[in-house]
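Colleague: structure of the sequence below:
(2 chains, ligands or ions: 2)
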Amino acid sequence: MPNPIIEITDLNKRFGAIQATHDLNLTLNVGEIHALIGPNGAGKSTLIKQITGYLQPDQGEIQFLGQTITQMSPASRARMGLAQTFQVSSLIMEYSCLDNVLLVVQARSGSSFSFFVAVRDDANLIQQAQDFLQQVGLSDRQHLRASALSHGERRQLEIAMALALEPKAFLLDEPMAGMDPAGVKQLIESLKTMREQAPILLIEHDMAAVFELADRITVLDYGRVIASGDVESIRNNKQVQVAYLGVAS
Amino acid sequence: MSEKLVNRSMMAALILLPWLAHWLDEPYYVSLATRVAILALAGVGLNLALGLGGMISFGHAAFFGLGGYVTGILASHALNYEPLFSGFIDIPGTTQMLIIWPLAMFIAAIAAVFIGLLSLRTSGVYFIMITLAFAQMIYYFSISWPTYGGEDGLPIYIRNGFPGLNTLQPIQFFMICCTLLLITLWGVSRLKNSRFGNALQALRQNETRVAAIGISPLGIKLTAFVISATITALAGSLFADLNRFVSPTMFSWHTSGEIMIFVILGGLGRLYGPLAGASLFILCEALLGGWTEYWQFFLGLLLLGVVLFARGGLIGLLSGEPKNA
Ligand SMILES: Nc1ncnc2c1ncn2[C@@H]1O[C@H](COP(=O)(O)OP(=O)(O)O)[C@@H](O)[C@H]1O
Ligand SMILES: [Mg+2]
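Modeller: Ligands and ions are numbered 1, 2, ... in the order given. Next up, the predicted model:
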């Protein structure tokens, strides 16, 4: 396993007058949870989208598993093992929970160019999909349409879909946003087991969760890294305290 | 009634009524049913792209017409004993449906790959406009190309043949069309539940998500578009043989619109929707068309009603399952 798993070098992305990513360098190492924090509009989601391929950087390079992926399509990157959850839940709304996960299992386990065999007759695929739903605690919701889920349940389903990809890295964009405290607690436990499978780049505003989970924290502002280090050093960083932790200067 | 029962009843009616008409010696009604089967087949093709894949193709007349013209051109060469291509070896025309169909579908597939590659990177209004533009280009080309009749169209003097059958007998030709429709419906129902169908229907709902799990949208959509085109081309070939005549009208945007109407009237994405839609359309035309030449006005009202109040189309109404599963 190459280390780091993800390596970003001198990344730049501009939207008109806004520099959303500014000379950014960042790594995601084996086994770690690397939290990415910063105020709204700092460029966190934009960074994730460049890693996953939905946005093309103006300059810079992104390596994944030792390979440059900057020019690859989102689907190719996902096939290589990049799993993401979206800041705004992005699901197949008319599909049941089970079918949402089943689609991921299908995508990971072979070609989608099979035209005659019913995918839902494949007991093995169904079983796998059910296992992932169980891991996030959605078993009793498996036959409900995604559109009928509560906000928190949609976030859980996104996690199940990321798990089902059996990825080499997780990119999670505010997975706890809008969840109730019980959901947050459960998700924190899930993330602790997920990090055993693959490192996690975690964007999160819930500071308690970040401090509990993260091995490293990087702080973004105006597209730049303004601080990066372990939990203690970020907690004690004056600049960060003033800006994000609500400590008077 | 469950959707399955609605489907079975419709299919039974489509098969039995023409035999009744045949037995009563009413060939007009047999050929009416043949039209229903053929137009339904064209709709089944479009439904694959539009209903399952969400690709709003307003240019399926291109494939319908190509199927028709391949049929007409091959037949006219065979009947005139003029080779299709001459040169090192002569390639003759043919009047054999079993050769014509695959060729018609193949030509349509090539066109669909070309049109698809240029249009499928866009979506929404742009996709609609690009597909429409291609169909219109072929339409004007067919009008201005005198070799095969230009504006006047191209007659097929004798309906093309099928081994062991007399295709000139209406009920026999009907059975050919009906069988092809049945086989295609069976194939599409398999496809709908397959891995491919699963990915295609997911794409219609959320392309970003499908890409995020490692399925390339373009490959799936292009494949669906091409399969869709070949089915509609097969219908075009049968339509040419039914009328024993092809004309540029087959390429016109009215044709694209009518195929789309079958799909929407019947119920978007419903397996038997196009059959329901085409039946209703032909019924309206036959009943109201004899009474007023403005029958399409009533068709418009009907369509409006379906779009506003019954999104599941006719199948959704009859089966009481307004939402597609
Ligand atoms: N597609 C876009 N077009 C123009 N500006 C954008 C686009 N996406 C993001 N931005 C801008 O880039 C900046 C960073 O946004 P984003 O990455 O979403 O921030 P964060 O996720 O850290 O809240 C914001 O100022 C935002 O308005
Ligand atoms: Mg964001």
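Colleague: shaky segments in the chain?
Modeller: I'll assume chain A. In the predicted model of chain A, residues A:1-2, A:243, A:245-249 satisfy pLDDT under 70.
Colleague: nope, chain B
Modeller: In chain B (pLDDT under 70), the answer is B:323-325.
Colleague: could you point out the longest helix of it?
Modeller: helix B:217-243 (DSSP state H).
Colleague: contacting residues for the residue in chain B that ligand 1 sits nearest to?
Modeller: Proximity of chain B to ligand 1 (CB to the nearest ligand atom) peaks at residue B:208, 13.1 Å away. C-beta coordinates here come from the backbone N, C-alpha and C atoms, glycine included. Listed by CB atoms under 8 Å, 6 or more residues apart in numbering or on different chains, the contact partners of residue B:208 are A:54, A:74, A:86, A:90.
Colleague: switch the cut-off to 6 Å
Modeller: Residues in contact with residue B:208, defined by CB atoms under 6 Å, 6 or more residues apart in numbering or on different chains, are residue A:90.
Colleague: against residue B:216, how distant is it?
Modeller: Distance of residue B:208 to residue B:216, computed by CB to CB, to the nearest Å: 13 Å.
Colleague: tell me which stretches of chain A form strands.
Modeller: With DSSP state E as the criterion, chain A has strands at A:6-15, A:18-28, A:33-37, A:59-64, A:67-68, A:82-85, A:169-173, A:200-203, A:216-221, A:224-229.
Colleague: for residue B:244, find the nearest of those.
Modeller: Proximity to residue B:244 (CB to CB) singles out strand A:82-85 among these, at 57.6 Å.
Colleague: picking up where we left off before, can you redo the strands of chain A as TSV with distance to ligand 2 and mean neighbour count?
Modeller: Output for the strands of chain A, formatted as TSV (distance: least, CB to the ion, whole Å; neighbours: other CB atoms under 10 Å in any protein chain shown):
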stretch	distance to ligand 2	mean neighbour count
strand A:6-15	14	18
strand A:18-28	10	19
strand A:33-37	10	24
strand A:59-64	18	18
strand A:67-68	25	11
strand A:82-85	12	28
strand A:169-173	6	25
strand A:200-203	7	26
strand A:216-221	10	23
strand A:224-229	16	16
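Colleague: domain ranges for chain A?
Modeller: A:1-81+A:169-249, A:89-166 (automatic domain parsing).
Colleague: name the residues of stretch B:74-93 that come out as buried.
Modeller: Buried residues in stretch B:74-93, counted by 16 or more other CB atoms under 10 Å in any protein chain shown: B:74, B:75, B:76, B:77, B:78, B:93.
Colleague: tell me where the chain has helices.
Modeller: No chain specified, so I'll use chain A. So, for chain A - with DSSP H - the helices run A:44-52, A:74-80, A:97-108, A:123-135, A:151-164, A:181-197, A:207-213, A:231-235, A:238-244.
Colleague: wait, chain B
Modeller: B:3-23, B:27-47, B:61-80, B:97-119, B:124-144, B:170-193, B:195-205, B:207-212, B:217-243, B:253-266, B:273-289, B:295-309, B:313-319.
Colleague: output the contacting helices and strands for the last one.
Modeller: In terms of contacts (3 or more CB pairs under 6 Å, 6 or more residues apart in numbering or on different chains; DSSP states H and E), helix B:313-319 is packed against helix B:3-23, helix B:253-266, helix B:273-289.
Colleague: now with 10 Å, please.
Modeller: On a contact count with 3 or more CB pairs under 10 Å, 6 or more residues apart in numbering or on different chains; DSSP states H and E, helix B:313-319 meets helix B:3-23, helix B:253-266, helix B:273-289, helix B:295-309.
Colleague: now the second one
Modeller: Helix B:27-47 is packed against helix B:3-23, helix B:61-80, helix B:170-193, helix B:217-243, helix B:253-266, helix B:273-289, with contacts defined by 3+ CB pairs under 10 Å, 6+ apart.
Colleague: out of those helices, which comes closest to chain A?
Modeller: Of all those, helix B:170-193 sits nearest to chain A, with 4.2 Å by CB to the nearest CB.
Colleague: tell me if the closest one is near chain A.
Modeller: Yes - with CB under 10 Å from any CB of the partner chain as the criterion, chain A is reached by helix B:170-193 at B:187, B:188, B:189, B:190, B:191, B:192, B:193.
Colleague: and of those, the nearest to residue B:65?
Modeller: Closest to residue B:65, out of all of those and judged by CB to CB, is residue B:188, at 21.8 Å.
Colleague: dump the residue contacts of the closest one.
Modeller: Contacts for residue B:188 were tallied using CB atoms under 10 Å, 6 or more residues apart in numbering or on different chains; they are A:115, B:44-45, B:47-48, B:51-52, B:197, B:227-228, B:231, B:271, B:274.
Colleague: quick check: ChimeraX command selecting the buried ones in the residues you listed.
Modeller: In ChimeraX, this line selects whichever of those come out buried by 16+ other CB under 10 Å:
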select /A:115 /B:44,45,47,48,51,52,197,227,228,231,271,274
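Colleague: now the contacts of residue B:188 as JSON lines including distance to residue B:290?
Modeller: JSON lines is the format used below for the contacts of residue B:188 (distance: CB to CB, whole Å):
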{"residue": "A:115", "distance to residue B:290": "43"}
{"residue": "B:44", "distance to residue B:290": "28"}
{"residue": "B:45", "distance to residue B:290": "29"}
{"residue": "B:47", "distance to residue B:290": "29"}
{"residue": "B:48", "distance to residue B:290": "34"}
{"residue": "B:51", "distance to residue B:290": "31"}
{"residue": "B:52", "distance to residue B:290": "36"}
{"residue": "B:197", "distance to residue B:290": "41"}
{"residue": "B:227", "distance to residue B:290": "37"}
{"residue": "B:228", "distance to residue B:290": "34"}
{"residue": "B:231", "distance to residue B:290": "31"}
{"residue": "B:271", "distance to residue B:290": "31"}
{"residue": "B:274", "distance to residue B:290": "24"}
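Colleague: what would the contacts of residue B:188 look like in TSV with distance to ligand 2?
Modeller: Putting the contacts of residue B:188 into TSV (distance: CB to the ion, whole Å) gives the following:
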residue	distance to ligand 2
A:115	39
B:44	43
B:45	42
B:47	39
B:48	37
B:51	35
B:52	33
B:197	34
B:227	39
B:228	38
B:231	44
B:271	41
B:274	44
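Colleague: closest to residue A:30 among the contacts of residue B:188?
Modeller: Once CB to CB is applied, the member of those that ends up nearest residue A:30 is residue B:197, at 38.5 Å.
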